Every structure is written in C-alpha cells, then in structure tokens.
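S.K.: Provided below are the primary sequence and the corresponding predicted coordinates.
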Amino acid sequence: MKNGKALPLIVIIAVNFLWGIDYIAIDYMMDYMTPTVFTLSRLIIGTFILIPLVLINGGSLHIRKEDRLRIFMSGGIGMALYFTVANLGVELTSASFSSLIMATVPVWGMIGDRIFYKNKITAVKAVCVVASGAGVYFLVSGEPLGVNLPGLAVMLSAAALWTVYLICVKPLYEKYDLLTLLTGLFISGLIVQIPLTIISRPSGIVITGGSIFVTVATSILCIIIGEFGYIYAVGKLPLTTTAIFENVLPLVTVVFSFVFFGAMLAVPQLIGGAIIMISVTLRE
C-alpha cells in the first residue's frame, strides 16, 4: 500500500471480476451469434469508440515502424483469435468450465517463460504444473454428459493464445500511452477478424434488444475498460502478482453461472477447479 500498489491491485481485481461476467455474457450470446460474429461486433464497437477518444485527448495513432508488426500480431492474437476461440470454447462447454481452464494461463506462462527466456522451473513450480494437470483431469472427468474433448482442446488453445498475446504485447507497455496502445490492438484485431468472419460463413444470427444491449455493454465494460485496466495493472505490478488475482475470474463465473442460469458444476469439477486455482497461486 505504501508503495502505491493499492490502486493497481484494486484495478486488477475489478478487471477479473468484469471478465468473469464476460464469460457469462458469452454463454448467453452464443444463442444469438456465432463466435466470429460476436468477436467482430465487439471489435467494431471498440474501434469506433477508441479512435475518437484518442483524437479528443490529443493523442496520436502513430506506431513506430519497428513496432508495427508486434502491434499487429498482438492485436490479431489477443483481440481476434483469442476471443473467437474462447467464444467457441464457451459454446462447446460452459462459462464455468471455460473460465476454470483459463485459470491455467499462469502455468502456460511459466512454460513460455522457460522456452523464450530460459528462466528456471523450480521443483515447487514443477509440482504445481502437475497439480494443475490433475485439476484439469477432475474438471473434465466431472462433465455430466461425458468428457468433452473438443471443448477442452478449444479452451486449452484459448489459454495458449492468451499466453502468446501476453508475451508479444509485454514490451509495448512502456513505449506507448495506454489509449494509443489499446487502439492499435483493436484496429489490428479488427483487420484480422473481418476475413476470419467471412471465411467462417456465419448463419443463424438473431438480433434482439437484449443481444444488442449485451454486445454493446460488454464491448465497453469488459473489453475496452477491462483491457485498459489490465494493461495499466500489468505496467504497475509484477506479472506474478497479476497472475494470482486472475483466480477471481473463475470464481465470479462459477457463482454468477449458478445465479443466472442455475448451472452448477459437479463435485469433481469443483475439486478440479480448486486444485487448479490453488496450484496456480502456490507457484507464485
């Protein structure tokens, strides 16, 4: 608190609370839109909100030549591919199941840290990786309708994509102001998402007042404000600290899934989720 860490900690907790709600929204919206269309809709809304905000605040949309490829890759992976794959994962499984799989992101990050930066994996961290794997096993084996291997594979892919996004975008945090960086990421994501949506040949889209409200509200609250807060917190806190508080996301999703949909995880899944979150916390 004395080191000025109170506000970033509050922000990262609030962000993960919003993202927990976002998984509930995705679960709801998959009855009205395809994963690609929902992602495209939110990127369009976000882009058209952010560009005027940058200009009004006297900022610049200029990205240095040496950073353009990294910005494009970060936006394409983190804003387009990740959200499309995560939407599909929620559609195939559930909001609670998907968010608990995403709780394994710090473990993926540790493996990526070892591969790209040669950081040592201690015995404690290795045990936590194994424990996380056991947690995923309990989570999947507890599925009431049987093991959903496609859904598991998709959500593990989403977790991997988010990890790659963090690795790609990390060097950009200190080079640009938050609004400029976020706008560049949204524009890049939109450029990637347009052809991705066309290729997917979406159908069965249902437009209602509720679906429009959820799309707009989550675009502003969960994506724009959420990403802005996340980038701010990561810039102020160690990545290990932010990883611990990402456990808030699945807790919020599980609780609100029960409140709104009456969807309750089976006992083995609750055990698996607890193992994942405990192992991720202990590894830090």
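M.R.: Arrived safely.
S.K.: which SS state does the most centrally placed residue in the chain fall under?
M.R.: The structure's the chain has its C-alpha centroid closest to Trp162; by Cα atoms, centre = their mean the separation is 6.3 Å. Per DSSP: H, G, I helix; E, B strand; the rest coil, the local secondary structure of Trp162 is helix.
S.K.: the helix or strand bottoming out on mean pLDDT in the chain: what's the following helix or strand?
M.R.: Least confident helix or strand of the chain, by mean pLDDT, DSSP states H and E, is helix 239-245 with a mean of 62. Following helix 239-245 in sequence order, the next helix or strand is helix 248-261 (DSSP states H and E).
S.K.: mind checking how far that next one is from the chain centre?
M.R.: How far helix 248-261 lies from its chain's middle: 16 Å, per Cα atoms, centre = their mean, to the nearest Å.
S.K.: next one: stretch 191-202
M.R.: So, by Cα atoms, centre = their mean, the centroid of stretch 191-202 is 20 Å from its chain's centroid.
S.K.: same deal with stretch 216-236?
M.R.: 11 Å.
S.K.: show residues contacting it.
M.R.: Contacts to stretch 216-236, defined as Cβ atoms under 8 Å, 6 or more residues apart in numbering, come from residues 4-5, 7-9, 11-12, 14-15, 18-19, 21-22, 25, 41-42, 45-46, 49-50, 170, 173-174, 178-179, 181-182, 185, 242. C-beta here means a position set from N, CA and C on the backbone, and glycine is covered the same way.
S.K.: out of the residues you listed, which are buried?
M.R.: 8-9, 11-12, 14-15, 18-19, 21-22, 25, 41-42, 45-46, 49-50, 178-179, 181-182, 185, 242 (16 or more other Cβ atoms under 10 Å).
S.K.: in helices, which of the residues you listed appear?
M.R.: Counting by DSSP state H, the buried ones among the contacts of stretch 216-236 place 8-9, 11-12, 14-15, 18-19, 21-22, 25, 41-42, 45-46, 49-50, 178-179, 181-182, 185, 242 in helices.
S.K.: mind checking how far the residue nearest to Thr180 when sequence neighbours are not counted is from Leu182?
M.R.: The shortest distance from Thr180 to any non-neighbouring residue, by Cβ to Cβ, 6 or more residues apart in numbering, is to Gly59 (5.4 Å). Remark: distance between Gly59 and Leu182 (Cβ to Cβ, to the nearest Å) = 11 Å.
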